[in-house]
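K.L.:
Fold the following for me, if possible:
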Amino acid sequence: MPNLSEDANDSGSRRAWALLLTAALLLTAALLLAGCRSGGEEPTRAPAVEVDAAPAEEAAEPAPSGPPVRVGHLMRPEQARSVMTLAAGAPAAVELAPLEVTDLDGLLRLLETDGAPDVVQVDLTWVLELASAGRIVEVSDAAELAAHVRPLGGLVAWRGEVWAHPDRAWCQVVFAHRGLMEEAGLTRVPSDWDGLLRAARRLTVDRSGRHSLHPEFDRSAVARHGLFMRSDLESAWGLIRSMGGGTVNVDTREALIDEAGGVKAARWLQGLRGRHGVTPGWLDAPVEASEAMEIVTTGQVAMWVGSSAWIEELEGEGRIRDPEALWIGALPVGEDGRGGCPAAGMGYVVTARTGEVEQVEQARRVASWLASEPVQLHLGRRHRVIPSRLGARARLARVSRGSGVEQGVDPWVAAGLWSTGQARDRAVFPGMARLGESINPLLVAIARGEREPSEALRRVAADWRVLMVETIGAE
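P.N.:
As a prediction, the model looks like this:
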C-alpha cells in the first residue's frame, strides 16, 4: 500500500492510489447492489402487506431454507397473506395455497393423489374420518390438547393419538341489529328459546308497522322478519339439546334424534315460518357470511343465528361494520342449562402422502407452528380470528382496537371468545361430519311444513344407526 506522506512528491504513487480508491468504490457499489437484490427475494414468496409491529417475544428469526412445506388452507386471502408475513419464524420454508376442495369427500379424493399438500387446514369435524381412512398421520400427544379450549380436544383425539392441531374455535351465536332491538325495548339478546321467539315476534313487522303480536298484523305484507335460523343440524343442535333431545349415543350406537326432545325442537323450528311467521321463506339457499350480515345490518332481518366464524367476515374488503351497531349474543339454553352450541373450529393435519420420515417431521413442525400461540394471536389481532389456544385467548382479551371502538376489548372479539368458551361437547366418532347429510334436507322440509317432524326424524334415526355401524362397527 502506498505511504500517504510520500504521495505529494510522487505523481506515480498518486496515480496508483487513485486507481486503488476507484477499485474500492466499485467493489463497495457491487456489494451494495448484490445485497439489495438478495434482500428482495422471499423464500416463501409471500406478497408484502402492512401489518402491526409484532411484540418483541414474537420477533422472527432468519428465514428457513430448503424445500417448502406445501400447505393447503381454507383462510380468506388477507389472512393467508398475514400468516406469510410471519413465515420467516417458521421451522421450515412454507408455501401457502388455497385448498382446491372445500368438502370432506373432495378432500378424501385429493389426499389419494400425489399432488396432495403436505399440511392441510380442515374443519375439525372432518379429522376423525380422515384419520380412520388413513389419509393423515398423528401430530402430537394428548398433553398438547390441554393448551386449547377443552371441547375441541374431543374432535381431534382418536385411539390414543392426536390427529390435528386446532387453530381457531367457532360456536353458533345470535347476531342482532342493535337499533331495531332497542326500538323494540330489548336490551340484550334473549338467553332462552321462548324469549328469543317472543323477541322475534316483536321484531317482525308488516308494511303498516304492526308487529306480529298485533291482532291486525298482516302476514301477507311483512316488511321485516324478526329471526332467521338455518334449517340444519349445526344451527338446531343447541335447540335440540335445550329441549331435552340428543343426537346419537356412540357407546350404544343409538340414535336419539327421534325422541321427544328432538321432535319438540323440530316443531319449534317449523313454527318460525308457519305458525308465527317470523322467519323469511326466501333464505333456504346457502348464504355467505357477508351477505347474511348485509341482510341483518340493513334491517331485512333483525336477528340471525349463525357461526361465530362470521366475526372474521365483518371486517376488511369493504365489509367494515360499526361494532356498536351489531349485538352478538350466546345461543339460548334450556331451563336446566342444557343446550348451547356444539364445539367447532378448524385446524391443521399432516397428510399420509407426505413422504420420507424427515419430510413428515418437518410437516408436523410446520403444522404445529401454524397453530402456535404467536400465529393465532396475530390472526386474532389483525383479523378477529378467535383462537383455540388458551394463552392466545387470554392475551387477545386484553387487546384494544381502533376503527371507532373505545379503549377496551373489541366487542365482537369479546363475544367470540366468550361464546366459544361456552361450547359443549358433541357426539364424537369418525362419521360425525356425515350426520347432517340425512337430517338437513328433512329439516328444510319440516321448516316449510312439508314433512311431519316425528315421521321425518324416525327416518333420520334409522340412517344414523347405519352410519355409526359403518364407521365404528356394531356395539
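
K.L.:
Centroid-nearest residue for the protein?
P.N.:
A centroid search over the chain (CA atoms, centre = their mean) returns Ala309, at 4.6 Å, as the residue closest to the centre.

K.L.:
Just to check, it is in contact with Val173?
P.N.:
No - in this structure Ala309 lies outside contact range of Val173 using CB atoms under 8 Å: 9.8 Å. (Glycine included, C-beta is placed from N, CA and C.)

K.L.:
From Val139, how far out is the closest residue to Asp141 other than its chain neighbours?
P.N.:
Sequence neighbours aside, Val162 is the residue nearest to Asp141 in space, at 6.5 Å (criterion: CB to CB, 6 or more residues apart in numbering). As defined by CB to CB, to the nearest Å, Val162 lies at a distance of 6 Å from Val139.

K.L.:
So for the two, which sits in the more crowded spot?
P.N.:
The neighbour count for Val162 versus Val139, taken as other CB atoms under 10 Å, is higher for Val139 (24 against 20).

K.L.:
Against which helices or strands is the helix or strand hosting Glu361 packed?
P.N.:
Assigned by DSSP states H and E, Glu361 belongs to helix 357-370. The helices and strands touching helix 357-370, judged by 3 or more CB pairs under 8 Å, 6 or more residues apart in numbering; DSSP states H and E, are strand 69-73, strand 119-123, strand 165-170, strand 344-351.

K.L.:
The residue lying closest to Leu370 once chain neighbours are set aside: neighbour count?
P.N.:
In space, and not counting its chain neighbours, Leu370 is closest to Tyr348: 5.1 Å by CB to CB, 6+ apart. Tyr348: 25 surrounding residues under other CB under 10 Å.

K.L.:
same deal with Arg178?
P.N.:
Arg178: 16 surrounding residues under other CB under 10 Å.

K.L.:
ok, it touching Ile328?
P.N.:
No - Arg178 is beyond contact range of Ile328, at 10.1 Å (criterion: CB under 8 Å).

K.L.:
Gly347 contacts Ala169, doesn't it?
P.N.:
No - Gly347 lies out of contact with Ala169 (CB under 8 Å); the separation is 9.8 Å.

K.L.:
got the contact list for the residue nearest to Asp141?
P.N.:
Counting by CB atoms under 8 Å, 6 or more residues apart in numbering, Val162 touches 138-142, 144-145, 156.

K.L.:
10 Å instead, please
P.N.:
127, 131, 138-145, 153, 156 (CB atoms under 10 Å, 6 or more residues apart in numbering).

K.L.:
Can you tell me how far it is from Glu138?
P.N.:
6 Å.

K.L.:
Give me the common contacts of those two.
P.N.:
131, 156.

K.L.:
hmm, back to that, tell me the most buried of the helices and strands packed on helix 357-370?
P.N.:
Among these, strand 165-170 has the highest mean neighbour count (mean count of other CB atoms under 10 Å), at a mean of 28.

K.L.:
Mutual contacts of Val162 and Val139, please.
P.N.:
Joint contacts of Val162 and Val139 (CB under 10 Å, 6+ apart) are Val156.

K.L.:
what about Ala445, helix or strand, and which?
P.N.:
helix 435-447.

K.L.:
that older thread, bridging residues for the residue nearest to Asp141?
P.N.:
Counting by DSSP bridges, Val162 is bridged to Ser140, Ala157.

K.L.:
Model confidence for it, exactly?
P.N.:
We have a pLDDT of 95 for Val162.

K.L.:
how near is it to Ala367?
P.N.:
Remark: distance between Val162 and Ala367 (CB to CB) = 11 Å.

K.L.:
Where do the helices of the stretch 301-450 of the chain begin and end?
P.N.:
357-370, 373-383, 390-396, 411-421, 435-447 (DSSP state H, counting those that start in this stretch).

K.L.:
starting at the chain centroid, how far to the last one?
P.N.:
Here helix 435-447 shows a centroid-to-chain-centroid distance of 23 Å under the convention CA atoms, centre = their mean, to the nearest Å.

K.L.:
And for Pro441, the neighbour number?
P.N.:
Counted with other CB under 10 Å, the neighbours of Pro441 add up to 15.

K.L.:
Let me know whether it touches Asp463 as I believe.
P.N.:
No - contact criterion CB atoms under 10 Å: Pro441 and Asp463 do not qualify, at 11.1 Å.

K.L.:
ok, how many other residues are close to Glu358?
P.N.:
Neighbour tally, Glu358, other CB under 10 Å: 9.

K.L.:
Then Ser212?
P.N.:
With other CB under 10 Å as criterion, Ser212 counts 20.

K.L.:
That one: what's it in contact with?
P.N.:
200-206, 218-219, 222, 225-226, 276-278.

K.L.:
Mind checking which of those residues land in helices?
P.N.:
200-203 (DSSP state H).

K.L.:
mind listing the strands for the stretch 201-350 of the chain?
P.N.:
Using DSSP state E, counting those that start in this stretch, the strands of the stretch 201-350 of the chain run over residues 205-206, 222-229, 248-249, 254-255, 301-307, 326-330, 344-351.

K.L.:
Check the offset of the fourth one from the chain's centre.
P.N.:
Just to be clear, that refers to strand 254-255. Worked out by CA atoms, centre = their mean, strand 254-255 lies 29 Å from the chain centre.

K.L.:
Same question for the first one.
P.N.:
Its chain's C-alpha centre lies 35 Å from the corresponding centre of strand 205-206 when counted by CA atoms, centre = their mean.

K.L.:
tell me the mean pLDDT for that strand?
P.N.:
So the average pLDDT for strand 205-206 ends up being 94.

K.L.:
name the helices or strands packed onto it?
P.N.:
Contact analysis of strand 205-206 by 3 or more CB pairs under 10 Å, 6 or more residues apart in numbering; DSSP states H and E lists strand 222-229 as its packing neighbours.

K.L.:
For the strand it packs on, buried residues please.
P.N.:
Using 16 or more other CB atoms under 10 Å as the test for burial, strand 222-229 gives 222, 224-229.

K.L.:
Thr187 should be in a strand, yeah?
P.N.:
No - counting by DSSP: H, G, I helix; E, B strand; the rest coil, Thr187 is not part of a strand but coil.

K.L.:
Please list all residues in contact with it.
P.N.:
181, 327.
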